[in-house]
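>>> My questions concern the predicted model and sequence given below.
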Amino acid sequence: MTDIIEAFLAQLNRESVQSPERIEILRGLVMRVVELAELDSDTSDLRLASTALNELLEASELFAAWRDRPKLTVFGSARTTPDNPLYEMARDFSAKMATRGWMTVSGAGPGIMEASSKGAGKESTLGVNIDLPFEQGANPFIDVEQMHVAMKFFFTRKVAMTRASQGFVAFPGGVGTMDELFEILTLVHTGKTDPAPIVLVDKPGGTFWSRWLAFMDECVIADGYLSVEDKRLFVLCTTVDDAIREIERFFTNYVGFSKEPGRATLRVRHRPTERQLTELSAKYPRFASNGGFRVEGDDSFSFGFDGRNYVLLRQLIDDVNTWSA
């Protein structure tokens, strides 16, 4: 069977040249398919795996065409009506971000999802819908032919809605919104996605997120399940302009993040001076190990990083964003 797999990969590479990395990934996928075929496993398990893989690949194809544009994922209730101030705020937010070149990733349904799609417009909205028997299809502000994908599973939908985005905005909502918010908080907190701004938006005078914050303070943090410092990962805003400023502030200097065993690299707009690196070494001794802080070319610097403290990394990014040219 191994010979057949290698012959298949060789033929594939002749017809469409693949990189060594892609060939290795494809080899793993094909071998896994063969292993599954040889197992006496439940057909429903195979069907689930096949459907999940198809959904992830379909979403990847959708997002690939827009790889060069920054994206924001907007979460919020499907029950928010057009006469609710939060609906207008979501519409206004996505409209203003579209003028700044950002695309909105929407759940494609009604409520806040519809409002954000309406604001961004069909040309700047990517819709990731979920098939539910009690909800209709995509809202009318989604280009369902070119910029939309529908999912059967919530977990594949969450992967699609979060993996390609550089920022996340949550409006008030129910268990679906809470699920999405806690998912992205978990991903950022554990480093399973790159650092990103997470903004909670409420209307002026609204108490939804302030009561949620009280729960986090009085139960989750007070009982030791999180640290106070973990609240640095998100911020509450009660105006559209404040939410926009928070997102833009995050990218004032910071551009991107990458890591390798023992070290991490930040790409920045303004190259750090020796004095700034010395200040970072003093403030962040945890990152001064394994070679310490050092400039890497004209647009990045690296530092020691064990892959554990992403809240401290967020603090470092906040400091880096105070640098000027």
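Perfect, thanks for sending it. Numbering: from 1, shown residues only.

>>> C-alpha only now, for contacts and for neighbours.
Fine.

>>> So what's the gap between stretch 7-16 and the chain middle?
Between the centre of stretch 7-16 and the centre of its chain there are 34 Å (CA atoms, centre = their mean, to the nearest Å).

>>> How about stretch 191-200?
Here the centre of stretch 191-200 is set off from its chain's centre by 6 Å, with CA atoms, centre = their mean.

>>> Let me know the average pLDDT across it.
Computed over stretch 191-200, the mean pLDDT rounds to 96.

>>> mind checking the SS state of Thr73?
State at Thr73, reduced to three classes by DSSP: H, G, I helix; E, B strand; the rest coil: strand.

>>> I should have written Phe168 there, sorry.
Phe168, by the three-state scheme (three-state DSSP), is strand.

>>> ditto for Glu218
helix.

>>> change the start of the numbering to 27 and stick with it
Yep, numbering from 27; the last one is Glu244 now.

>>> contacting residues for it?
With CA atoms under 8 Å, 6 or more residues apart in numbering as the criterion, no residue contacts Glu244.

>>> pLDDT value on it, please?
97.

>>> my guess is Val225 contacts Thr265, does it?
No. Using CA atoms under 8 Å, Val225 is not in contact with Thr265; the gap is 11.1 Å.

>>> In terms of neighbours, single out the busier of these two.
Val225 (23 against 14; other CA atoms under 10 Å).

>>> could you say what helices and strands the helix or strand where that one lies packs with?
For Val225, the host element (DSSP states H and E) is strand 224-227. Judged by 3 or more CA pairs under 8 Å, 6 or more residues apart in numbering; DSSP states H and E, the packing partners of strand 224-227 are strand 193-196, strand 261-263, helix 266-276.

>>> Tell me where this protein has helices.
Using DSSP state H, the helices found in the chain span residues 28-41, 46-64, 69-90, 111-125, 138-146, 180-189, 201-216, 234-241, 266-276, 300-309, 336-346.

>>> For Asp324, which of those is the nearest?
Closest of the helices of the chain to Asp324 is helix 300-309, at 13.3 Å (criterion: CA to CA).

>>> avg pLDDT for the closest one?
On average, helix 300-309 scores 95.

>>> Return the list of helices and strands in contact with that helix.
Against helix 300-309 (3+ CA pairs under 8 Å, 6+ apart) you get no helix or strand.

>>> which residues touch the most centrally placed residue in the chain?
By CA atoms, centre = their mean, the chain has its centre lying nearest to Thr188, at 3.4 Å. Contacts for Thr188 (CA under 8 Å, 6+ apart) come out as 99, 210.

>>> one more time with 7 Å, if that's ok
Thr99 (CA atoms under 7 Å, 6 or more residues apart in numbering).

>>> Adjacent strands (with direction) for the strand holding Val225?
Using DSSP bridges, the strands paired with strand 224-227 are strand 193-196 (parallel), strand 261-263 (parallel).

>>> I'd like the ones you listed written out as TSV, with distance to Ser253 added.
Output for these, formatted as TSV (distance: least, CA to CA, whole Å):
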stretch	distance to Ser253
strand 193-196	22
strand 261-263	15
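
>>> So which of these is the most surrounded?
Among the strands paired with strand 224-227, strand 193-196 has the highest mean neighbour count (mean count of other CA atoms under 10 Å), at a mean of 23.

>>> What pLDDT is listed against Ser70?
Reported pLDDT at Ser70 in the predicted model: 81.

>>> next one: the one 5 residues further on
Each residue has a pLDDT score; the one for Ala75 is 85.

>>> gap between the strand holding Val225 and the chain center?
Computed by CA atoms, centre = their mean, the chain-centroid distance of strand 224-227 equals 13 Å.

>>> ditto for stretch 186-200
Using CA atoms, centre = their mean, the mean C-alpha position of stretch 186-200 is found 7 Å from that of the whole chain.

>>> Show me the chain divided up by domain.
The chain breaks down into these domains under automatic domain parsing: 28-90, 97-276, 280-346.

>>> Now do the second one: distance from first to last residue.
Terminal residues of domain 97-276 lie 14 Å apart, using CA to CA, to the nearest Å.

>>> again with the last one
Looking at domain 280-346, the gap from its leading to its trailing residue is 7 Å under the measure CA to CA.

>>> With the shortest one instead?
Between the start and the finish of domain 28-90 there is a gap of 32 Å, counting by CA to CA.

>>> How about stretch 81-101?
For stretch 81-101, the separation between the terminal residues is 20 Å (CA to CA).

>>> swap in stretch 328-344?
OK, stretch 328-344 end separation, CA to CA: 16 Å.

>>> same question, stretch 287-302
24 Å.

>>> got it, and stretch 272-281?
This stretch, stretch 272-281, spans 15 Å end to end (CA to CA).

>>> Good, wrapping up.
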